[in-house]
Every structure is written in structure tokens, then in C-alpha cells.
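Colleague: prediction below, plus the sequence it came from.
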There are 2 protein chains.
Amino acid sequence: MAITAHVICIGNEIMLGHINNTNAQYASKNLSDIGIKTTEQVSIPDEHETIISTIKNSLRGANIIVISGGLGPTVDDITLDCISKALDRKLIFNSKVASHIKAHFIKRGLSMPKNNLRQALIPEGAKYILNNIGSAPGLIITGRGETSTTLIALPGVPFELYPMFEKTVIPYLINRFQPDKTIRSRIIKITGLAESKVNEKIEDILKISGNVEMGIYPHPEEITVKITVTEKNAKSADAIIKKIERRIKSRLGKHIFGYDDETLEEIVGGLLLKKKKTLAIAESCTGGLLADRITDVSGSSKYLRMGVVTYSNESKNRLLSVPQETIKKYGAVSKQVAALMAKNIRLLANASIGIGISGIAGPTGGSKKKPVGLIYIALSTKKNTICKEFRFLGQRNIIKHKATQAALDLIRNSLFKA
Amino acid sequence: MAITAHVICIGNEIMLGHINNTNAQYASKNLSDIGIKTTEQVSIPDEHETIISTIKNSLRGANIIVISGGLGPTVDDITLDCISKALDRKLIFNSKVASHIKAHFIKRGLSMPKNNLRQALIPEGAKYILNNIGSAPGLIITGRGETSTTLIALPGVPFELYPMFEKTVIPYLINRFQPDKTIRSRIIKITGLAESKVNEKIEDILKISGNVEMGIYPHPEEITVKITVTEKNAKSADAIIKKIERRIKSRLGKHIFGYDDETLEEIVGGLLLKKKKTLAIAESCTGGLLADRITDVSGSSKYLRMGVVTYSNESKNRLLSVPQETIKKYGAVSKQVAALMAKNIRLLANASIGIGISGIAGPTGGSKKKPVGLIYIALSTKKNTICKEFRFLGQRNIIKHKATQAALDLIRNSLFKA
């Protein structure tokens, strides 16, 4: 049976939406890495009754409770008090903790406010975790009896919580629960297909269950499919992942552009290096975003020869010698202009691949014949120049992003053939 | 009595810590802005029993339930089914929603997969919110009877959820609950000063309390000061905010570049239009990010004449006729080269302001004399050309962002004088 955890984050600032609660994600990620499954994350305000009832609830619902926040020195830090009530354990003054807190202030040449001694009150039987960054100690309270719940309380400040979690909590949990399971996962990144289309092609695979969890997630620019496997050890988990991965690959083929944290610009950069090709970009509606994404990759100077943002017709003409007549005849947003932009930037930069993008990012500037989201992307090589028409939906910046994604994918596909 | 809300986020990827759940913060923030208090945020896996019991729980615990996630077209999207079971309302096929979903695919020149019709199933009596970005509609289900709970279900994809929340959900809730308390807030955006310096200048103001909450938050590119006021009505709240705002303005002067959601690129764009100036940009280490940020502003084509990304020395020479000797003598990352880039792009584009950026974004390419993060930003006008040296810390993309922020601020300041 899987070992389960509840993560409880305490703080009014979370309830007001003033801070983004990253502790819950951090805790769940690190727990799942050692085979402990988070079955609930809950955030609640600094209120006695709520905190106590939430803890009591989780005592019944999970093997492990991770609490963050409310351990500070101020009056609205009431977590310690609530834990002692929920577990019915007295708070006992701990002199070792007290002197460590004093030392924390002395180190910084400050005198310790009396309030901080409240942080030296520890529920009876609790193991404390000294805080080397702030003043609030962490706590590990082992439930009495075999199946009882282990409660862990940590400061809400992320960079105080992280070292306690990694150095003390994780080793403690491994040692106590010896999780006989490992959770491994793999992200498959797909572009050029709608989520529903991806779903259609691999619906049966997505239904795989048991010790495998499948998920499909849409993003503005790409679809990701996630395989998560719970197994005795990493080796057997990875074997299962590989097998499923191969099946998905056989269905989606070259629509899969990368895995896990890989970005499309990294993949394209790698291919350009491998094939010893160089790139030049002429952007209109994407306004430099394509060049920006390509140059987010360290070492991109090896293949990006030149980029131009020809936002005005004048600049299309002056920089890329696109004839005014062509612009007049077909419009700046047209196959013809995009193709000339691609070809001429390639020649100007003496690059092996030229990209030309022209379209309407909106929200204004659209017409019935040429609506917002209409984008032409051209790719030019010595051999030939191709141009594709796209129609994207969304706000201006999303349309810009989708267009650059399509352009990167166009480059990627051309490099397969090259 | 305060109107309360529970925010329920559904998704295994949240439980595994694979994604940072920003929807909970977003919902709570926007609810608190209209005086609705979030009393619980809970995240749970894609499991029928868990979802149903969590919803039933919140039906007793809050006036409003906001659910995000699990409305997609795929097999693991089970939220609709769980809602209909928890509320005991049949799912009824809605042809209006269905045709809107069909149109969504047609607009993009795609055929609609059969799966997507599952998204046209609406619990009886529910009000639907059409999705103009993705295919999943949102739902508002008004509880029967005066005190009963209103359930709102939205897609988990943030950029699909945001417009539904702002355009439909918030107005609906204001209209239904007429919250008797208003929470209003104002964000003041500051650039060109360190957090500690800002703190020093307005320390006393930051200490204001009572029905006022003050906060200071550092970001890679800017410092924000947030004023939050809780009052009976918006008018009195805004009066208090205005008063505090004036005091802060008198201390920080032109370091304040904007308010609330305003971006520096919008402010600069507005100034360029007002002063009837045009802009041309030559970027090296920022790789197009400055042009990208400027063109994120709708209407930027009115003032952005031209942008070039001259990543290689060759392109600096060919596009901007920066002499090879100058590059050899001073190096590509130098005051001299940045200044020539600024001046020559201005002349090439026949613009009133030219910007030249040259530096080392890292992680590689740094040296003792010219470390990673060293950036030269030049601004050229008919009158003169100035060049500033900056030393930024952080990863490649952070350094790129800080450099573009500094460049935008340089333009902003030059336009004050202009």
C-alpha cells in the first residue's frame, strides 16, 4: 500500500492571493521522488479552529502531514499552539533550541527580541530541526504506534524550509517508512497537433492504469504527455516508461520534438549545430520573439547569423529589398512578402536557412479577408522557398508565441530532411 | 458576515509537484479584490471519489466554490461528471456550446475530434461561459435557495481561465453577492533603485497599518510597492490609496514608472507616441528581446521603425557598418561598438532614437576583464549619443531581461527631457 501525505500550508497571505505558494509543490515533488504520494494539498488562514480541525482531519487521512508556515515569533504565528492542541501534547521549553536562536541573533550582531523565545517551545516527544538561516526551528513528531501519522512542521519561508526538508526530513522519512516504491516520470513534448488530436491517436495508451499514471496537458505552444510509473526500483520503472514511450512514438512520430525539460529552441539549435547549418531571421508580427527564443540557448551565436525586425513596410523594403510594388499588390501580410523576407534575409546574411514571418498579431489590424491570427511563415534554402499559412487564436502575446513555435517546428522539420 | 470561497484545483500533476499551481493564487487574489474571502484552497488528484467528496465538503463550508481543471476533452477529464454527481444534476447536451466548440476548430482550419463534444455536456440549470481560446467551456451553477453555494468550474489552463474569470465570473459574483466590504489595492512600479534603497526612502510609509496593508516586493527587473486597503466602499478606499500614493511619489519621483498592470514597454510606447518620436534597435546579447517586448504593445508599429539582431561581428559590420577595426580594437562588447550600433541603426532606419546593446549574457563567454553580465547600452539621437555600462547578475535569461529593462528606462528618461 502506498504511503500517503497531506501538505498543509498556513498563512493569510496565501488566502489573499498575495503570495504564490511554492512550498506545496516543493514538498509534493520531493515526497514523490521517494515514493510518497501526496493525496491532498490544503492552504488555510492563521486561525486556531481551522488549523486544529485541518490537522485532525489529516491525522485520519494520511501517513504523513507536512505543515509549513506560522512558526514565526509574532502573535499571529499560532501553528505550534495548534499542533499541541491537535495532538494533545504539551509545549515544553527547550534550552538547546533557545540558545541556538540566541546565537542566530548574536551572529548578526543583533539582540534577540523576547518574542523569539516562543520559538523554543517544542511539543513533548518532538524531534527538532535547527534553522541555520532564520530563527524558527522545524519539528518532526512521530505518531505513537505503528500505523500512526508522522507530523512535520517547517517554517513558511522557502529558503529556510528547503535545507531542513532535504537534509533532515527526507532522510528521516526514508528511514522510517523505507518506501519500497520509486516514482519515475517522463514528459513527452508534442507540437503541430491539437490536444484532442493527440488524445485521439493515443487514447488507448492514455487509459493504461495500475502502477502507471498517464496525463495529457495543453500549453499555448505545445502538448505534453506525461508518463508516471510507481515501481520497486528506478530500473524497472524506467523499463516500463521506455516501453510506453516507444508505443507513443510509433503513433505520433515526428510530432514529438523533445522530452522532459527540453525546449523546441534547444532542439532546433542542436540540429543546426549537428547539420552545420546557419540561420537568419526576418520577423514582422513576431517582433523579435523568434530571435529572442533562439538566443535564449547558450551557444546560439554559432548558428544565428542575423535577425531583423522589419515592422514597417519601409524597413521591409530598405533592409530586405522587398519591392514596394509586391507589398502594394499582395499586402505586407501575404505568402509573397513572407517568402521574399525569408529568401532575402538568407542572402543578406549568407546563411543556409532563412525564415520570414509576416502576419497580424492583433488585437487591431485584422479584416474579414485577413483576420487577427493570420500568419505566413516562409523558410528559404538554396534549394527552394516554402511558405505556410497559419491561423492562431488568443491574445497578441499568445499569437506571437504560437507563431514562433510554428516557425521553430518548420526549421526542425526541414533539418530532418536536410 | 463575510462571503467565503473555497478554491479547488484538480490534477495529478499538482499532486506530483510537477506544476506550480498558480490558479489558486489567481482566484483568491481576484476574489479578495471584490471582498470575498478565501477560507480554503485545496488541491486533489483526478479521482472520482476524492473530487466528489471534496465538492460536497465545500458545499457545506463556503458560499462560493471555484474549481479549476479536468474540463478538457480527454479521458482523464472527469470534473464535469463529478460535479453532476456531487450536485445531483443531470448532464445535458448543449447545442449552442457544441457549435461554439465546432467553430473553434473551424476557425483554425481543423476538423473537430469526436471527443470534444463531451465538453458540450452541461449540468442542468448551469450557466456556461464560452471559451474563446481553448475548447472547454466554463460553468456557473447557482445553488438553489438563498444561502446555497454557487459553484464555478473553469479550465485548468491559466490563459483560458483568466479571461473567463475577469469578464464573466467576477461581474457575476459582484452582482449576486454585493459584498459589503471592498478590498482595493494599488501597485506602484519602481525601476532604477535597489529594494533596500526604496525601503530606506519610504520606511515610515511601509509601517502604516490598520485597514491598510503595505508590502514591498523585489522582482528581477523592478521593485513593486503594494498598497491594500479594506473599506466599506471603493470610493473611500481609493481616497486612502491616493493619499499614500502621493506621499510615496514625493519620495521616489521619476523612479516610479507605472502602476498596477502597466509595463515599462507600454509606458515607453505611450511616451514615444506623445512626443512623436520613432525608435530603431540594434541588439546583440539581448537577442531580440527588446524588440519583442516593445512589439508586445499593440500599436507599436507606429513608433518602432526597425530592429536588428546583430549577433555576429560580421552582421554588426554588414548591417550596421561597424568597422571591423573598431571591433578588433575595443572588442564587440565595448562602449565604442554599442555607441556605433545605436547611431548607425538610427541613421539606417531614419528614426529619432537609436538603441545599441552589446554585452555578455553568459553562462559562457565571460572573462576577468569582461565578466558575464557586463552590458553596454547606448542611446543615440540627432543631438548626441550616450552609452551606459551595466553589470547584471543572474542566469542568461534574467540578464537578458534586466538589460532590456535598463534600455527601456534609458529611453523613458531621454523622453522626459525631450
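Modeller: Ah, there it is. Numbers count the residues shown, from 1 in each chain, chains lettered A, B, ... in the order given.
Colleague: who's sitting farthest from the centroid in chain A?
Modeller: In chain A, counting by Cα atoms, centre = their mean, residue A:325 sits farthest out from the average C-alpha position, at 46.7 Å.
Colleague: in the stretch 51-200 of chain A, where is pLDDT below threshold?
Modeller: Along the stretch 51-200 of chain A, the parts satisfying pLDDT under 70 run over A:108, A:145-147, A:179.
Colleague: for it, what lies in contact range of chain B?
Modeller: Within the stretch 51-200 of chain A, the positions near chain B by Cβ under 8 Å from any Cβ of the partner chain are A:183, A:185, A:194, A:195, A:196, A:197, A:199, A:200. The way it works is simple: take the backbone N, C-alpha and C, and place the C-beta from them, glycine included.
Colleague: give the buried residues for the helix or strand harbouring the residue farthest from the centre of chain A.
Modeller: Assigned by DSSP states H and E, residue A:325 belongs to helix A:324-330. For helix A:324-330, burial by neighbour count (16 or more other Cβ atoms under 10 Å in any protein chain shown) applies to A:326, A:327.
Colleague: in the stretch 101-250 of chain A, what residue lies closest to chain B?
Modeller: Using Cβ to the nearest Cβ, the single residue of the stretch 101-250 of chain A nearest to chain B is residue A:196, 4.0 Å away.
Colleague: pretty sure that residue contacts residue B:113?
Modeller: Yes: Residue A:196 is within contact range of residue B:113, at 4.0 Å (criterion: Cβ atoms under 8 Å).
Colleague: between these two, which is the more surrounded one?
Modeller: residue A:196 (25 against 19; other Cβ atoms under 10 Å in any protein chain shown).
Colleague: surely the more buried one is within a strand?
Modeller: No: according to DSSP: H, G, I helix; E, B strand; the rest coil, residue A:196 belongs to no strand; its state is helix.
Colleague: can you pull the domain assignment for chain A?
Modeller: According to automatic domain parsing, chain A comprises the domains A:4-177, A:182-259, A:264-417.
Colleague: using the three-state scheme, assign residue A:215.
Modeller: Going by three-state DSSP, the secondary structure assigned to residue A:215 is strand.
Colleague: can you classify the closest residue to it other than its chain neighbours by secondary structure?
Modeller: Excluding the flanking residues, the one nearest residue A:215 by Cβ to Cβ, 6 or more residues apart in numbering or on different chains is residue A:226, at 4.4 Å. With three-state DSSP as the basis, residue A:226 sits in strand.
Colleague: pLDDT wise, what is residue A:226 at?
Modeller: With respect to pLDDT, residue A:226 has a value of 90.
Colleague: that one bridge partners, please.
Modeller: Beta bridges link residue A:226 to residue A:187, residue A:215 when assigned by DSSP bridges.
Colleague: in this structure it contacts residue B:76, no?
Modeller: No: using Cβ under 8 Å, residue A:226 is not in contact with residue B:76, being 10.6 Å away.
Colleague: what is in contact with these two at once?
Modeller: Any residue near both residue A:226 and residue B:76 by Cβ atoms under 8 Å, 6 or more residues apart in numbering or on different chains counts here, and that gives A:214, A:215, A:216.
Colleague: helices along the stretch 51-200 of chain A, start to end?
Modeller: Listed from the start of the chain, the stretch 51-200 of chain A has helices (DSSP state H, counting those that start in this stretch) covering A:79-87, A:95-107, A:158-164, A:170-177, A:195-206.
Colleague: who touches both of residue A:196 and residue B:113?
Modeller: Here residue A:196 and residue B:113 have residue B:73 as joint contacts, going by Cβ under 8 Å, 6+ apart.
Colleague: partner strands of the helix or strand harbouring residue A:8, with direction?
Modeller: Per DSSP H and E: residue A:8 is located in strand A:3-10. With DSSP bridges as the test, strand A:3-10 is paired with strand A:36-44 (parallel), strand A:64-68 (parallel).
Colleague: and the angle from that strand to helix A:79-87?
Modeller: For strand A:3-10 against helix A:79-87, the angle by axes from the mean of the first three to the mean of the last three Cα atoms, to 10 degrees is 130 degrees.
Colleague: just after strand A:3-10, pick out the following helix or strand.
Modeller: Following strand A:3-10 in sequence order, the next helix or strand is helix A:12-15 (DSSP H and E).
Colleague: packing partners for that next one?
Modeller: strand A:36-44, helix B:23-33, strand B:37-44 (3 or more Cβ pairs under 8 Å, 6 or more residues apart in numbering or on different chains; DSSP states H and E).
Colleague: could I get these as JSON lines with mean pLDDT?
Modeller: Listed next are the helices and strands packed on helix A:12-15 as JSON lines, based on pLDDT from 0 to 100:
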{"stretch": "strand A:36-44", "mean pLDDT": "95"}
{"stretch": "helix B:23-33", "mean pLDDT": "93"}
{"stretch": "strand B:37-44", "mean pLDDT": "96"}
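Colleague: export the ones you listed to JSON lines and tack on mean neighbour count?
Modeller: Formatted as JSON lines, these follow (neighbours: other Cβ atoms under 10 Å in any protein chain shown):
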{"stretch": "strand A:36-44", "mean neighbour count": "24"}
{"stretch": "helix B:23-33", "mean neighbour count": "23"}
{"stretch": "strand B:37-44", "mean neighbour count": "24"}
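Colleague: close to chain B, is whichever helix in chain A runs longest?
Modeller: For chain A, the helix with the greatest residue count under DSSP state H is helix A:396-417. Yes: Helix A:396-417 comes into contact with chain B (Cβ under 8 Å from any Cβ), by way of A:396, A:397, A:398, A:400.
Colleague: is it possible to get JSON lines of these that adds pLDDT?
Modeller: JSON lines is the format used below for these (pLDDT from 0 to 100):
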{"residue": "A:396", "pLDDT": "91"}
{"residue": "A:397", "pLDDT": "89"}
{"residue": "A:398", "pLDDT": "88"}
{"residue": "A:400", "pLDDT": "94"}
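Colleague: can you redo these as a markdown table with neighbour count?
Modeller: Converted to a markdown table, the residues of helix A:396-417 next to chain B look like this (neighbours: other Cβ under 10 Å):
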| residue | neighbour count |
| --- | --- |
| A:396 | 20 |
| A:397 | 16 |
| A:398 | 18 |
| A:400 | 27 |
